[in-house]
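**Student:** predicted model, plus sequence, below.
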2 protein chains.
Amino acid sequence: MRRDIQKDAVPVLCASCEGRNKGICSTLDCEQFVELARTSRKSAAASGAALLGEAERIDRYATILSGVVKLTKTLSDGRQQIVGLQFAPDFLGRPYRSESTLNAEAATEVVLCSFPKDAVERMMQESPELERQLYRQALDELDEAREWMVMLGRKTASEKIASLLVMFARHAASSDTTGRNSARFDLPLSRADIADFLGLTIETVSRQLTRLRNDKIICIENNRLIIVPDLRRLNARAGN
Amino acid sequence: MRRDIQKDAVPVLCASCEGRNKGICSTLDCEQFVELARTSRKSAAASGAALLGEAERIDRYATILSGVVKLTKTLSDGRQQIVGLQFAPDFLGRPYRSESTLNAEAATEVVLCSFPKDAVERMMQESPELERQLYRQALDELDEAREWMVMLGRKTASEKIASLLVMFARHAASSDTTGRNSARFDLPLSRADIADFLGLTIETVSRQLTRLRNDKIICIENNRLIIVPDLRRLNARAGN
DNA sequence: CGCCAGCATTGGTCGCGATCAATCCTCATC
DNA sequence: GATGAGGATTGATCGCGACCAATGCTGGCG
């Protein structure tokens, strides 16, 4: 159902852009796409770079073209919690609010395509399709957040680790052949990030990972590459 | 900006309905409102009644007219976590998904006004305003869920209790005179529900409440009525 | 009134995960 | 290869909150 686009009116970058057929761009008709594309800006951010600070004014939205973005919240005494992870081609931003209530930080190398806030908002007014897609993403994020609330509130440390690995395995699998029972992926997060995500400490994360390794449920190579020979066994540890 | 409505085409119940000017009905124009109203059904549920089961087919949406609804998730071994609390006039339901991923249960006496799923969905197609309002509610719920993730992952038991009381105080205050520094409200949840919400046990909830009482930060009457003489002191305990 | 059922509180003990501290890896740089 | 820095692992100890058990409170019913 791909619509034709006027190639010459579109910035060169967009022509080969992976986001054209996936992110918010995919719902726009030709005219709207051209308008949005004219104001778009592609940018890269190194791992660890802050993309958006808490209570900061938002003036641009963005689509994630590649990499992983972590959304965090911090208490006044420095305790931190990751409250969301976003992957390509997610939309990054919080419509209908001028100030952010959280921090966004690149968890890996990240490539973004950003747009001025008001251009997107104008387009949301005009295109119910766009708003619908953003609504769907918000609902999906809400489902995910609630899943994590169960994890944070009721799971043990080892179940938390297993759950996280299952989630990464699923994310890796979706871009891979489906229906397999093994997985192999790079951890997109450092131990510290994992701890911030699961509501644990670095030490506990480390201990639980070595426990899973000792029990032959995972292999760890170079501290980053994870191999799961039997996803069902990992799933059993996640306690669902 | 209230639009006139054809009084005679609207069910009698709606004429005096508190939801008319607040819930999803408030965004509908006259014609749409009449259509939706024709299929609406008002119903009451006792405290503890199940409104919606996990993996159950959804065929109706609803507006909460009064009372509190808790959204829960349960692990296979029975561990439970409340993942959302909804108050009037929230919309109850998960568009774009045929099966529920959570349980909804009346936490107090609840009065609902429900509509057939497809009537609402048709109306969402026709009315961008309606969809926008639902989108906004989803975003608000997402913000709330993320707030709670911080609470679940990083706060101590006493901070969790204080945070919950602050939230209830705010909810009570919004329908009350604003800007005051004291609060007085009925706990809409049992100790067991509070425990399920905060990721604690009943015993810990009880102990922390008595600690707050001993420290003169709250008064408890009949185990349900809470009086907070100084909201700032309570807030200081919430650890934000 | 006594009785009972369902919550809530209080006490005692234990274990998970935090905390503090000491290596150990990995990798970039020279 | 040597060096140093940041991250990861491992070890030892402590304390919060879970768990088990007993008691207390409240309200409905015969």
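**Tutor:** Noted; the coordinates are in hand. Note that this is a predicted model, so its numbers are computed, not measured.
**Student:** going forward, measure contacts between C-alpha atoms and count neighbours the same way
**Tutor:** Will do.
**Student:** please parse chain A into its domains.
**Tutor:** A:7-145, A:155-237 (automatic domain parsing).
**Student:** A:Thr101 reaches A:Glu54, doesn't it?
**Tutor:** Yes - the pair A:Thr101 and A:Glu54 passes the contact test of CA atoms under 8 Å, sitting 5.3 Å apart.
**Student:** which one of those two is surrounded by more residues?
**Tutor:** A:Thr101 (20 against 15; other CA atoms under 10 Å in any protein chain shown).
**Student:** touching both of A:Thr101 and A:Glu54, which residues are there?
**Tutor:** In terms of CA atoms under 8 Å, 6 or more residues apart in numbering or on different chains, A:Thr101 and A:Glu54 are both contacted by the residues A:Lys73.
**Student:** report the buried residues of stretch A:27-47.
**Tutor:** Buried residues in stretch A:27-47, counted by 16 or more other CA atoms under 10 Å in any protein chain shown: A:Thr27, A:Leu28, A:Asp29, A:Phe33, A:Val34, A:Leu36, A:Ala37, A:Ser40, A:Lys42, A:Ala45.
**Student:** same check, this time on stretch A:209-216
**Tutor:** In stretch A:209-216, counting by 16+ other CA under 10 Å, buried: A:Leu209, A:Leu212, A:Arg213.
**Student:** now, which of those lie close to DNA strand C?
**Tutor:** Contacts with DNA strand C are made by none of the buried residues of stretch A:209-216, judged by CA under 7 Å from any atom of the strand.
**Student:** redo the buried residues of stretch A:27-47 as TSV? Include pLDDT.
**Tutor:** Supplementary listing: those in TSV, determined by pLDDT from 0 to 100:
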residue	pLDDT
A:Thr27	84
A:Leu28	84
A:Asp29	82
A:Phe33	85
A:Val34	85
A:Leu36	85
A:Ala37	87
A:Ser40	89
A:Lys42	89
A:Ala45	91
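**Student:** what's the closest non-adjacent residue to the residue most central in space within chain A?
**Tutor:** Computing the C-alpha centroid of chain A and ranking residues by CA atoms, centre = their mean puts A:Gln86 first, at 1.1 Å. Closest residue to A:Gln86 apart from its sequence neighbours, by CA to CA, 6 or more residues apart in numbering or on different chains: A:Val69 at 5.1 Å.
**Student:** which non-adjacent residue is nearest A:Gln208?
**Tutor:** A:Gln208's closest residue in space is A:Ser158 (CA to CA, 6+ apart), at 5.7 Å.
**Student:** quick revisit: show the average pLDDT along the helix or strand hosting the residue nearest to the centre of chain A.
**Tutor:** Assigned by DSSP states H and E, A:Gln86 belongs to strand A:80-87. Strand A:80-87 shows a mean pLDDT of 95.
**Student:** what about the helices in chain A?
**Tutor:** Read by DSSP state H, chain A holds these helices, from start to end of the chain: A:12-15, A:30-39, A:117-126, A:128-154, A:157-174, A:191-198, A:202-214, A:231-238.
**Student:** rewinding a little: burial count for the residue nearest to A:Gln208?
**Tutor:** Count around A:Ser158 with other CA under 10 Å applied: 19.
**Student:** and the pLDDT for it?
**Tutor:** Confidence score, pLDDT, at A:Ser158: 96.
**Student:** cool, A:Met1 as well?
**Tutor:** Looking at A:Met1, its pLDDT is 39.
**Student:** and A:Cys219, by the same measure?
**Tutor:** pLDDT at A:Cys219 comes out at 93.
**Student:** next up, the contacts around it.
**Tutor:** Taking CA under 8 Å, 6+ apart, one finds A:Arg213, A:Ile226, A:Ile227, A:Val228 in contact with A:Cys219.
**Student:** pull the number of nearby residues for the closest residue to it other than its chain neighbours.
**Tutor:** Leaving aside its chain neighbours, A:Cys219 sits nearest to A:Ile227 (5.0 Å; criterion: CA to CA, 6+ apart). Neighbour count for A:Ile227, taken as other CA under 10 Å: 19.
**Student:** and A:Ile227, how far from DNA strand C?
**Tutor:** Going from A:Ile227 to DNA strand C by CA to the nearest atom of the strand, to the nearest Å gives 15 Å.
**Student:** contacts only, for that residue.
**Tutor:** A:Ser182, A:Ala183, A:Arg184, A:Phe185, A:Ile218, A:Cys219, A:Ile220.
**Student:** same deal with A:Ala173?
**Tutor:** So A:Ala173 contacts A:Ala183 (CA under 8 Å, 6+ apart).
**Student:** mind running it again at 10 Å?
**Tutor:** A:Met167, A:Gly179, A:Arg180, A:Asn181, A:Ser182, A:Ala183, A:Arg184, A:Phe185 (CA atoms under 10 Å, 6 or more residues apart in numbering or on different chains).
**Student:** same question, A:Leu189
**Tutor:** A:Leu189 touches A:Val68, A:Val69, A:Lys70, A:Ala107, A:Thr108, A:Ala195, A:Phe197, A:Arg224, counting by CA under 10 Å, 6+ apart.
**Student:** end to end on stretch A:221-236, go ahead and measure it.
**Tutor:** 23 Å (CA to CA, to the nearest Å).
**Student:** do it and DNA strand D meet at all?
**Tutor:** Yes - counting by CA under 7 Å from any atom of the strand, contacts between stretch A:221-236 and DNA strand D involve A:Asn223.
**Student:** what comes up buried for that stretch?
**Tutor:** A:Ile226, A:Ile227, A:Val228, A:Pro229, A:Leu231, A:Leu234, A:Asn235.
**Student:** dihedrals phi and psi, A:Asp29?
**Tutor:** Main-chain dihedrals, A:Asp29, degrees, to the nearest 10: phi -80, psi 180.
**Student:** does it touch A:Ala37 like I think?
**Tutor:** No - using CA atoms under 10 Å, A:Asp29 is not in contact with A:Ala37, being 11.8 Å away.
**Student:** the closest residue to A:Pro188 other than its chain neighbours: how many residues sit nearby?
**Tutor:** Nearest residue to A:Pro188 in three dimensions, chain neighbours excluded: A:Thr108, at 6.4 Å (CA to CA, 6+ apart). Neighbour count of A:Thr108, defined by other CA under 10 Å: 20.
**Student:** thought A:Leu85 was touching A:Thr108, still the case?
**Tutor:** No - between A:Thr108 and A:Leu85 there is no contact, the gap being 11.3 Å when judged by CA under 10 Å.
**Student:** among the buried residues of stretch A:27-47, which one lies nearest to DNA strand C?
**Tutor:** Nearest to DNA strand C out of the buried residues of stretch A:27-47 is A:Ala45 (CA to the nearest atom of the strand; 17.4 Å).
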